[in-house]
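> Show me the folded form of this:
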Amino acid sequence: MKKTIATLIVGLFATAAFAQTPAPATAPAGAAKAEAKEATATTEAGAKAKHEKKEHKHEAKADAKVAKADVKAEAKTEAKEAAPAKK
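Numbers count the residues shown, from 1 in each chain. You can find the predicted model right below:
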């Protein structure tokens, strides 16, 4: 009876030892902080680039409006100059 109980206890300890999984390898705390800073810097750089892209887009639209207005004004001027010549 004592051998049976001893075998059961040894078996429980053995299965408990093998059932545990090893802890995952963790990076040092300094490396994690550096990665976090790098990610933040990348995000900030992306936000700045996006903002600059919007600014350039708005500037291009404004330039296109000015150019279109210039073309219309020039066409009106030419039309006025050509109208008296026809009479």
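> going forward, measure contacts and count neighbours with C-alpha atoms only.
Noted.
> Let me know the next secondary structure element after the host helix or strand of residue 16.
Assigned by DSSP states H and E, residue 16 falls within helix 2-19. Once the chain leaves helix 2-19, the next helix or strand it forms, by DSSP H and E, is helix 29-86.
> Report the mean confidence score over the helix holding residue 16.
Averaged across helix 2-19, the pLDDT comes to 83.
> could you dump that helix to PDB, C-alpha only?
Output in PDB follows, covering the C-alpha atoms of helix 2-19 (Å, rounded to 0.1, in the frame of the first residue of the first chain):
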ATOM      1  CA  LYS A   2       2.800   2.300   0.800                       C
ATOM      2  CA  LYS A   3       4.500   1.600  -2.500                       C
ATOM      3  CA  THR A   4       1.200   2.400  -4.300                       C
ATOM      4  CA  ILE A   5       0.800   5.800  -2.600                       C
ATOM      5  CA  ALA A   6       4.500   6.600  -3.100                       C
ATOM      6  CA  THR A   7       4.200   5.800  -6.800                       C
ATOM      7  CA  LEU A   8       1.100   8.000  -7.100                       C
ATOM      8  CA  ILE A   9       2.800  10.900  -5.400                       C
ATOM      9  CA  VAL A  10       5.900  10.500  -7.600                       C
ATOM     10  CA  GLY A  11       3.700  10.400 -10.600                       C
ATOM     11  CA  LEU A  12       1.900  13.600  -9.700                       C
ATOM     12  CA  PHE A  13       5.200  15.400  -9.200                       C
ATOM     13  CA  ALA A  14       6.600  14.100 -12.500                       C
ATOM     14  CA  THR A  15       3.500  15.100 -14.500                       C
ATOM     15  CA  ALA A  16       3.500  18.600 -12.800                       C
ATOM     16  CA  ALA A  17       7.100  19.100 -13.800                       C
ATOM     17  CA  PHE A  18       6.600  18.100 -17.400                       C
ATOM     18  CA  ALA A  19       3.300  20.000 -17.800                       C
END
